[in-house]
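**Student:** no sequence on this one, just coordinates:
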C-alpha cells in the first residue's frame, strides 16, 4: 500500500496537502482542474519535490527522504522520456543498469521487452528515427525491464492523437496486469480514467483527496470537479 | 529536509572555482603587497598610462568607425562568399598575435608591399613601428569583432520594419537616419567600450610594434621593469595601475552592454528592398573588397614569406614548436578540468559565486597574474624553472570565461530537459556525466578545447616574463627571430605557428562535432 500521511508539499508558493492511501495493484487516475496540483502530487511521490511535513510509505517502508532513483517506482514524464543521443536499446538498458553495464542476459531482457511493446528490430534506432507512438512504446519497454512496484504517468501520451493514446493506455493496462504494478496516472480526459482506472484521486482546492471509485465520482461529481468537467 | 535532488554534485565545481579564485586573488594580493605605492608614478609611468589610454581610444574609434560601413554592406547584400567572409571575421580571435604582426609588417612595413608600391612612384616608404603601428594591429584584430557585433545589431532590426520602409519608399540616407542610426546608438557605445577594454591589456602588439619611451603600454612597462631592471616593486605597482584600469573599463563595458546578447546566429536572412541604387551597390562592394583585402592580404603576405623557409627551419624552432604543443595540451586539459565541474555546478543553479569566479580571469590581465605568481614562487624556488607550467595555467585561466560562455547555456538546457529522467533512473554522478551530460555537451567541449589549445599555442604573454634563454614556446621563438632580424626564418616559424594553432582548433572542434546528434 502507498500511504501519504498528513503530507504538505510546497511547489514555489503553491501548497498541496495530501492524506491518502492507494491499495497495491490498484490503477488510479489523478484528475482535477489545471494548476490544482496534480503534477505536484506525482512529483512528490517520485521524489522530485520535497515533502515539508508528513511522510510517504510504500508497504510500510518510509521513502520520504529516499532519492528519486532509489524509490520502488518508475515515472514517465510529459516529454523527454528518452535520451536523444542513445539508441533505443541503450535507453531501455538504462532501466536495468544506470551505468549501462549490460550482460548478455540483460540484452535478452531488453530484446524481449522491445518485442513485447511491438518494437522488434528497432534496437539500434535513435529516438529521432521513431514516431511519437513508437517513442512512447520504447519508454514503456524500459518501464517493463525496470520491474518497479509503482508506475507514475504524468501524461506521457498527451501529445498523441486520441486513437493512439487509447492504444497506449491499453498497453499500459496490459503491462500493469502482467507485472502487478500499481498505477498512478494524471489525466485530463475523464474517458481515459474510465478506460483503465478503477479509482480516482481528485486534486482540487489545494488538497489531494483519497481515491474514490471512478464511475461513482464521474457520474456524480462534486462541485470542483463539475466546474472542471463543464 | 533534503534539497531538490540534483544529478551531479556541485562540490567539485565549487572546489575548482575556489582554487581559481585563490590563484587569481593570491597573485593580486602578492602584487599589492609588493607594490611600492609610496614611490608614486614616475614620468615614464605617466607616459605609459597616457599611451595606453590613447592607443586604446584610437583603436576602438577606428575599429568601430570602419566596421559600420562594412557591417552595413554585409547586412544588406547577399553575395557569393558572404558566409565565408563572416566566418573569417571570427578567425582573428584565435589568430596568434605574432603571426598577424608579421603579416602586417610584410604589407605595411619599411620593406613591405605598400612601401614597394610607394617606391615605384618615388615616395618614401611607410613606417609601422610606433603609435600608428600599434593602432593598425589593434584595428586588424578588432575590426572583425566590431563588425560581427554591429552586424548582429543590424540583424536584430525586425524584418517588418524594412518591409514597411520599402513600402513607404524610404531608402538611402533616410533609411540610415530613421532605422539604422537608432540601432547604432544602442549598440555602438558598448562595442566601443569592449574594444577599448581589450586594447588596454594588449601586450604582444605593443611588445612587437611599440616600445621606446613614446610607445610603451603599461603591460609593456611591467615586462620591461621585470626583464630589464628586475624591479619587482615597480612591476607590481604598474600591475596595480593596470588592474584598476581594466576593472574600470570592464565595468563600463558591462554596464553599457546591459542585456545585449552576444553570439546569436549571424545568418538570419532579413529580406531587404533598399539600397538598390548603383552608387549604393558600388559603395558596398568597394567597402567589402577593401575590408577583405585589409584582413586577408597580411595573412597572404605572411604565408608567402613563410613558405620558402618552413621546410628549412632551424632545430630550435622545432623544439619550440614541440614545447608549444606540450604547453597547449596541458593548458587545454587544465581548462577542461576547471570548466567542466564549474559548468555542471552552474547549470544546476548553484551559480552566483561560481560564475563570478569564472569571469575573474577577465579582470586581471595575464601579465598581472603572471607578475603575482612570479612574486609568490620566488621565495620557494626559481620562477624561471616554472615558466611552462605557469604559462599553461595562466592561459587556461584566461580562456575559462569564454569556455564557460560556450558550455553553460547548453548544459543548462541538458539538465533542464533530461535531469529528472536521469534521476528517476538512478543515474547520479558518474553515470549521468558519462552517458548524458558529456555526450550532450560534446560539440561545446570540442569548441572550448579548440579555443584553449589555439589561444595557448599562440600566446605571447606570461611566457616572456618567465622564460630564460633556454626555454621558448613557438611564439616566443618567432619574436626572438624577429629581434635578431631573421625575418625570413621568423616568417617560416610564424607560418608553422599558424598551422599549429588553427590545426589544433580545427581538430578539437571537428572532433567534438563528429557523431554529435541533435
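**Tutor:** That came through, no problem. Keep in mind that this is a model prediction, so the values were computed, not measured. Numbers count the residues shown, from 1 in each chain, chains lettered A, B, ... in the order given.

**Student:** spit out the contact partners of the most centrally placed residue in chain B.
**Tutor:** A centroid search over chain B (CA atoms, centre = their mean) returns residue B:93, at 4.7 Å, as the residue closest to the centre. When contacts are counted by CB atoms under 8 Å, 6 or more residues apart in numbering or on different chains, residue B:93 is found next to B:145, B:451. Backbone N, C-alpha and C define where each C-beta goes, glycine included.

**Student:** OK, contacts around the one residue in chain B that gets nearest to chain A?
**Tutor:** Residue of chain B nearest chain A, by CB to the nearest CB: residue B:426 (2.5 Å). By CB under 8 Å, 6+ apart, the contact list for residue B:426 reads A:67-70, A:98.

**Student:** filter those residues down to just the buried residues.
**Tutor:** The neighbour-count criterion (16 or more other CB atoms under 10 Å in any protein chain shown) marks A:68-69, A:98 among the contacts of residue B:426 as buried.

**Student:** what comes up buried for the helix or strand containing residue B:174?
**Tutor:** Element membership for residue B:174, per DSSP states H and E: helix B:172-175. Neighbour-count burial for helix B:172-175 flags residue B:175 (criterion: 16+ other CB under 10 Å).

**Student:** that helix: how far from the chain's middle?
**Tutor:** 35 Å (CA atoms, centre = their mean, to the nearest Å).

**Student:** next structured bit after that helix?
**Tutor:** As assigned by DSSP H and E, the chain's next helix or strand after helix B:172-175 is helix B:181-200.

**Student:** ok, which stretches of chain A are strands?
**Tutor:** Assigned by DSSP state E, chain A shows strands spanning A:2-11, A:14-22, A:27-31, A:51-58, A:61-62, A:73-76, A:150-153, A:182-186, A:199-204, A:207-208, A:212-213.

**Student:** next, format these as JSON lines and append mean pLDDT, distance to residue B:503 and mean neighbour count.
**Tutor:** Output for the strands of chain A, formatted as JSON lines (pLDDT from 0 to 100; distance: least, CB to CB, whole Å; neighbours: other CB atoms under 10 Å in any protein chain shown):
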{"stretch": "strand A:2-11", "mean pLDDT": "93", "distance to residue B:503": "52", "mean neighbour count": "18"}
{"stretch": "strand A:14-22", "mean pLDDT": "94", "distance to residue B:503": "55", "mean neighbour count": "18"}
{"stretch": "strand A:27-31", "mean pLDDT": "94", "distance to residue B:503": "58", "mean neighbour count": "25"}
{"stretch": "strand A:51-58", "mean pLDDT": "93", "distance to residue B:503": "56", "mean neighbour count": "17"}
{"stretch": "strand A:61-62", "mean pLDDT": "94", "distance to residue B:503": "59", "mean neighbour count": "11"}
{"stretch": "strand A:73-76", "mean pLDDT": "92", "distance to residue B:503": "47", "mean neighbour count": "24"}
{"stretch": "strand A:150-153", "mean pLDDT": "94", "distance to residue B:503": "51", "mean neighbour count": "23"}
{"stretch": "strand A:182-186", "mean pLDDT": "95", "distance to residue B:503": "54", "mean neighbour count": "24"}
{"stretch": "strand A:199-204", "mean pLDDT": "93", "distance to residue B:503": "60", "mean neighbour count": "23"}
{"stretch": "strand A:207-208", "mean pLDDT": "94", "distance to residue B:503": "61", "mean neighbour count": "22"}
{"stretch": "strand A:212-213", "mean pLDDT": "92", "distance to residue B:503": "70", "mean neighbour count": "13"}
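
**Student:** what pLDDT is listed against the residue of chain A found nearest chain B?
**Tutor:** Closest approach between chain A and chain B, counting by CB to the nearest CB: residue A:69, at 2.5 Å. For residue A:69, the pLDDT comes out at 86.

**Student:** distance-wise, check the residue of chain B closest to chain A relative to residue A:112.
**Tutor:** Separation of residue B:426 from residue A:112 (CB to CB, to the nearest Å): 22 Å.

**Student:** quick check: closest non-adjacent residue to residue 56.
**Tutor:** As the question left the chain open, I've gone with chain A. residue A:64 (5.0 Å; CB to CB, 6 or more residues apart in numbering or on different chains).

**Student:** other chain: chain B
**Tutor:** Using CB to CB, 6+ apart and skipping residues adjacent in sequence, the residue nearest residue B:56 is residue B:199, 3.8 Å away.

**Student:** ok so, going back, per-residue confidence for the residue nearest to the centre of chain B?
**Tutor:** According to the model, residue B:93 carries a pLDDT of 89.

**Student:** how many neighbours does residue A:26 have?
**Tutor:** Applying other CB atoms under 10 Å in any protein chain shown, we find 17 residues neighbouring residue A:26.

**Student:** got the buried residues for the longest helix seen in chain A?
**Tutor:** Looking across chain A with DSSP state H, the single longest helix is helix A:162-179. Of the residues in helix A:162-179, A:165-169, A:171-172, A:175-176, A:179 count as buried by neighbour count, 16+ other CB under 10 Å.

**Student:** ditto for stretch B:117-127
**Tutor:** Buried residues in stretch B:117-127, counting neighbours by 16+ other CB under 10 Å, are absent.

**Student:** endpoints of that stretch, how far apart?
**Tutor:** With CA to CA, to the nearest Å as the measure, stretch B:117-127 spans 14 Å from end to end.

**Student:** so which residues on chain A come close to chain B?
**Tutor:** Within chain A, the residues that sit near chain B (CB under 8 Å from any CB of the partner chain) are A:46-52, A:65, A:67-70, A:74-75, A:77, A:80-81, A:83-86, A:90, A:94-95, A:98-100, A:126, A:128.

**Student:** mind checking which of those residues land in helices?
**Tutor:** A:46, A:90.

**Student:** can you give me phi and psi for residue B:473?
**Tutor:** Backbone torsions of residue B:473, given as degrees, to the nearest 10, read phi -90, psi 170.

**Student:** elements contacting the helix or strand harbouring residue B:336?
**Tutor:** Per DSSP H and E, residue B:336 falls inside helix B:315-347. Other helices and strands packing on helix B:315-347, by 3 or more CB pairs under 8 Å, 6 or more residues apart in numbering or on different chains; DSSP states H and E, are helix B:11-34, helix B:352-363, helix B:387-424, helix B:438-458, helix B:474-483, helix B:487-513.

**Student:** redo the ones you listed as TSV? Include mean neighbour count.
**Tutor:** Formatted as TSV, these follow (neighbours: other CB atoms under 10 Å in any protein chain shown):
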stretch	mean neighbour count
helix B:11-34	18
helix B:352-363	18
helix B:387-424	22
helix B:438-458	24
helix B:474-483	23
helix B:487-513	21
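
**Student:** comparing these by mean pLDDT, which bottoms out?
**Tutor:** Within those, confidence is poorest for helix B:352-363, with a mean of 77 (mean pLDDT).

**Student:** could you point out which element follows it?
**Tutor:** Sequence-wise, the next helix or strand downstream of helix B:352-363 (DSSP H and E) is helix B:366-377.

**Student:** out of the buried ones among the contacts of residue B:426, which one sits closest to residue B:222?
**Tutor:** residue A:98 (52.2 Å; CB to CB).

**Student:** surely that closest one touches residue B:431?
**Tutor:** Yes: if you go by CB atoms under 8 Å, residue A:98 and residue B:431 touch, sitting 4.6 Å apart.

**Student:** roughly how far does residue B:96 sit from residue B:487?
**Tutor:** Separation of residue B:96 from residue B:487 (CB to CB): 17 Å.

**Student:** ok, now residue B:85?
**Tutor:** Taken as CB to CB, the span from residue B:85 to residue B:487 is 29 Å.

**Student:** now do the buried residues in the one helix or strand in chain A whose mean pLDDT sits lowest.
**Tutor:** Lowest by mean pLDDT, DSSP states H and E among the helices and strands of chain A is helix A:223-229, with a mean of 83. For helix A:223-229, the buried set under the neighbour-count rule, 16+ other CB under 10 Å, comprises A:224-225, A:228.
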